[in-house]
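> Whatever this is, show me its structure:
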Amino acid sequence: MHQSEWPALQRLDLAYTIPFLSASAAAMCELGLASDRDADNLRQTIKDHQRQRGEGHKVLLQELMDQNNAIVALLQARYGWDGFDALLFRWTISRAAEDLAHELWNFSEELVKKAELMFNQPMLIMEGDAVERRSLFSIFLVDVAAHIGGIAEQLQNHGLSLRIHYPLPALDVKLDGLDKGLATHLGFTLGEVEALPYQKLQGTLRLLYVEMENLFALLSATLTQIRANCTGSDHDQAVQMIIEDMEGEMGRLQKTQVYAPAALPQMENRRQRLLGTLLAVRSGIHEIRQHFQDILRTSRVKAPLEWVWPVAERRQLLSALLSRSVSIRDAELAMDALERYCRQHLVAPDQLLGAELNRIHKELDEASLQILRKIAMDKGIGQSLIQEKQVVLHRKDKLLHVIQTNLSRALVLTFLCLYLPGCGVKTAPRSDVLDLRPAVPYHAEQRTNQKSTEKPVQPATPSRPQEK
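Residues are numbered from 1 along each chain as shown. Predicted structure coming up:
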């Protein structure tokens with residue numbers, strides 16, 4: 001991440017840090033380890049920090065440490081700075097990974113819908129500079145959507161692996177309850193006491209890196225196929241630049257250590273670097289989705305070239321020649337001569353005459369022409385292509401069901417995090433988390449406005465003097 005983007009990253013980091021502190025304060029107040037005054041002090045510090053945010057100001061966590069905030073001090077006393085930052089690390093990265101997975105599910109759903117619109121559009125599958133075989137855009141797009149959905153599912157699983165809180169041995173009942181309370185309010189699973197919990201964290205982060213590298217490779221391969229089958233535009237150039245930017249972010253991140261206990265500034269630097277990479281990848285995927293809406297249009301699909309001879313069709317004729325006891329050397333020479341002749345005359349192999357085949361190479365005859373015509377029939381309306389269409393229809397419906405299930409699950413989790421009571425400190429601007437003390441109004445001006453707007457109740461009968 002560039003130095004100029006650091007202030008923006010710190011502001012985005014607040015969207016993850018504030019709910020963490022809010023849930024921690026709620027757990028401590030519920031157990032009696034912190035008072036309402038401590039929660040109010042945390043709320044006021046967050047409010048002042050948001051009002052004064054900008055260049056030259058400290059990050060929120062450092063500001064709370066300098067003020068000896070009771071909530072942060074209790075977390076530090078219980079878990080140490082290593083354990084406290086590891087807990088914040090797990091919370092932040094798990095939420096960011098799930099947000100990225102949600103973006104990928106949306107991308108996968110859009111590709112499936114594009115496959116429905118481009119169901120019968122032909123395309124050529126490329127392997128390097130050679131045409132491997134003929135296919136349909138619907139088959140290709142459903143395959144890509146399935147791979148993107150698989151990466152999204154893995155990111156969700158890694159996010160769940162990060163949402164595990166490893167407790168510490170405790171003799172005090174309240175401290176033992178703090179582990180359970182934090183896990184409940186943060187939405188974590190309470191694990192067992194581990195001697196090396198950081199090793200599991202490092203392993204999960206490495207798996208997270210692998211999935212993002214797989215995502216970049218898949219996007220590059222997808223763009224290569226689209227460029228070979230669609231007319232060029234500024235959109236595919238933009239997608240290429242976005243992929244390169246995301247790969248650059250990932251390369252810079254891999255130069256730093258995955259995670260290891262260190263001084264708090266160093267651990268925070270690693271956390272924010274990984275968070276910045278995940279946010280940059282999510283933003284890049286969102287932009288690529290918009291560009292793909294313009295790239296994947298039937299009007300941009302190139303007309304298929306008749307003289308193109310895919311490698312898969314070449315193998316079929318080669319196998320037929322070998323079955324007739326033709327040597328492999330003569331069969332390869334016949335294939336090269338046939339392909340060269342078709343390119344020079346811009347004619348499809350199945351459109352040649354038997355006499356032409358014999359002039360091209362001595363091993364090519366009428367039987368070879370029948371094989372070429374059968375291949376041509378199969379690539380157009382043959383039985384294999386019909387079967388592929390039936391398979392892709394089944395896969396499309398099944399994949400769409402999986403996508404919609406995961407998107408609905410993400411909406412339910414978001415609703416539970418935002419609207420369940422007892423998991424937050426009220427902050428400004430308006431927070432989606434309920435107050436710890438709902439009976440006490442949040443703003444002083446709210447109390448004033450409430451009194452000014454309330455209509456006095458008119459008594460039904462004249463008031464009587466109070467009895468002494």
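
> isn't residue 209 right up against residue 250?
Yes - in terms of CB atoms under 8 Å, residue 209 counts as a neighbour of residue 250; the distance is 7.3 Å. (Each C-beta comes from the backbone N, C-alpha and C, glycine too.)

> Run through the stretch 101-250 of the chain and note the low-pLDDT ranges.
Applying pLDDT under 70 to the stretch 101-250 of the chain flags the ranges 170-173.

> where do the strands sit along the stretch 101-250 of the chain?
Secondary structure of the stretch 101-250 of the chain by DSSP state E, counting those that start in this stretch: the strands cover 122-127, 130-136, 164-165, 189-190.

> Can you list the strands that the longest one pairs with?
Read that as strand 130-136. Paired strands of strand 130-136, with direction, are strand 122-127 (antiparallel) (DSSP bridges).

> For the strand it pairs with, list the C-alpha coordinates in CSV.
The C-alpha trace of strand 122-127 is given here as CSV (Å, rounded to 0.1, in the frame of the first residue of the first chain):
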residue,chain,number,x,y,z
PRO,A,122,-19.5,-20.3,-29.8
MET,A,123,-16.0,-19.7,-28.6
LEU,A,124,-12.5,-21.2,-28.9
ILE,A,125,-10.6,-22.4,-25.9
MET,A,126,-7.0,-21.3,-26.2
GLU,A,127,-3.9,-23.0,-24.8
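
> So which bits of that strand are buried?
Buried residues in strand 122-127, counted by 16 or more other CB atoms under 10 Å: 122-126.

> And the strands of the stretch 101-250 of the chain: which comes nearest residue 394?
Shortest distance between residue 394 and those, using CB to CB, is found for strand 130-136: 14.7 Å.

> looking at it, residue 333 is touching residue 361, isn't it?
Yes - when contacts are counted by CB under 8 Å, residue 333 is listed as touching residue 361 (6.7 Å).

> can you redo the strands of the stretch 101-250 of the chain as a markdown table with distance to residue 408?
Putting those into a markdown table (distance: least, CB to CB, whole Å) gives the following:
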| stretch | distance to residue 408 |
| --- | --- |
| strand 122-127 | 32 |
| strand 130-136 | 30 |
| strand 164-165 | 24 |
| strand 189-190 | 22 |
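
> quick one: which of the ones you listed is nearest residue 154?
If you check each of those against residue 154 by CB to CB, strand 164-165 wins as the nearest, at 16.9 Å.

> now the closest one, how far from the chain's geometric center?
With CA atoms, centre = their mean, to the nearest Å as the basis, strand 164-165 stands 22 Å off its chain's centre.

> repeat for stretch 113-121
Distance of stretch 113-121 from the chain centroid (CA atoms, centre = their mean) equals 24 Å.

> cool, and stretch 81-89?
24 Å.

> which residues are contacting that stretch?
Residues outside stretch 81-89 that contact it (CB atoms under 8 Å, 6 or more residues apart in numbering): 17, 20, 61, 72, 75-76, 79, 165, 168, 182, 186, 197-198, 201, 259, 261, 263-264, 267-268, 271.

> and what of stretch 194-204?
Applying CB under 8 Å, 6+ apart, the contact partners of stretch 194-204 are 86, 89-90, 158, 161-162, 164, 166, 191, 258-261.

> Just the buried residues of those residues.
By 16+ other CB under 10 Å, the contacts of stretch 194-204 give 86, 89-90, 158, 161-162, 164, 166, 258-259 as buried.

> Packing partners of the strand or helix carrying residue 47?
Under the criterion of DSSP states H and E, residue 47 resides in helix 36-51. Packing partners of helix 36-51 (3 or more CB pairs under 8 Å, 6 or more residues apart in numbering; DSSP states H and E): helix 6-31, helix 60-66, helix 70-117.

> which one of those helices lies closest to residue 349?
With CB to CB as the measure, helix 70-117 is the member of the helices and strands packed on helix 36-51 nearest residue 349 (29.7 Å).

> so how far is the closest one off the chain centroid?
For helix 70-117, the separation from the chain centroid amounts to 11 Å (computed by CA atoms, centre = their mean).

> Count the residues that sit near residue 319.
As a burial measure, residue 319 scores 11 neighbours (other CB atoms under 10 Å).

> show me the contacts for the residue lying closest to residue 146 once chain neighbours are set aside.
Closest residue to residue 146 apart from its sequence neighbours, by CB to CB, 6 or more residues apart in numbering: residue 399 at 5.6 Å. By CB under 8 Å, 6+ apart, residue 399 lies in contact with 108, 112, 142, 145-146, 149.
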